[in-house]
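Engineer: Provided below are the primary sequence and the corresponding predicted coordinates.
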Amino acid sequence: MPLHFYNNQNQKERRRELRKNQTEAEKLLWQKIRGRKINNLKFHRQFSIGPYIVDFFCPQIRLAVELDGEQHKDSVVYDKERGSFLKDKDIVTIRFWNYEVLNDLEKVLERIKKEIENNPLNPPYNKGEIGGNPLLL
C-alpha cells in the first residue's frame, strides 16, 4: 500500500473536523475503546483508509467500527461501495446504529469483543484480556 493510503494528508482537516463534531454515540463508544481498553488493542478515531474515513479503526487486527445515524438510511449505495472497498483491503467492518450505542452500550461492546476474539490477526495473548499488558505488544 502506498504511504498515503492511510490517513492521507489531503483528508487531515476533514478528520479533524469529524473528531471535533462527534455524535454523542461516538463520544460514548470512544471513551470505552480508547487507551487499549479492549483486549489491549489500540483504536484510532476518524481514520482514513484510501478515499474513506472510518469512525474507529484498529490497524493491528484490521477492524473498522462504524456508527450510523439517520443520514445513513439515504446513503445505502455509498455505504455498499465503501464496504466493498474495505473488504477488498481485508478490513473487517462492523456497524452499529447510534441508538444501539446510546441505549445498549454493553451489547455493542460485547459484539466488538466477540469480533476481536474471532479475528485471526488477534494475538493469542490478547484473547480474553481487557486492558492487558502493553509490554506484550
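Structural biologist: Received the coordinates, thanks.

Engineer: So which residues of the protein form strands?
Structural biologist: Assigned by DSSP state E, the chain shows strands spanning 44-49, 52-58, 63-68, 92-97.

Engineer: low-scoring stretches of this structure, by residue?
Structural biologist: Applying pLDDT under 70 to the chain picks out residues 1-5, 71-74, 124-137.

Engineer: show me where it has helices.
Structural biologist: Using DSSP state H, the helices assigned to the chain run over residues 12-20, 24-33, 76-88, 98-103, 105-117.

Engineer: Reformat those as TSV; add distance to L41 and mean neighbour count.
Structural biologist: Placement of C-beta: from N, CA and C, glycine included. As requested, the helices of the chain are exported to TSV (distance: least, C-beta to C-beta, whole Å; neighbours: other C-beta atoms under 10 Å):
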stretch	distance to L41	mean neighbour count
helix 12-20	19	12
helix 24-33	8	17
helix 76-88	18	13
helix 98-103	18	16
helix 105-117	7	15
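
Engineer: Quick one: closest of those helices to P123.
Structural biologist: Counting by C-beta to C-beta, P123 lies closest to helix 105-117 out of the helices of the chain; the figure is 10.6 Å.

Engineer: can you give me the offset of the closest one from its chain's centre?
Structural biologist: For helix 105-117, the distance from its own C-alpha centre to the chain's C-alpha centre is 12 Å (C-alpha atoms, centre = their mean, to the nearest Å).

Engineer: mind listing what the closest residue to R16 other than its chain neighbours touches?
Structural biologist: Counting by C-beta to C-beta, 6 or more residues apart in numbering, R16 lies nearest to Q46, which is 7.9 Å off, once chain neighbours are set aside. The contact partners of Q46, by C-beta atoms under 8 Å, 6 or more residues apart in numbering, come to R15, R16, L18, R19, I53, V54, D55.

Engineer: what's the answer for K42, then?
Structural biologist: Taking C-beta under 8 Å, 6+ apart as the test, what K42 contacts is R36, C58, P59, Q60.
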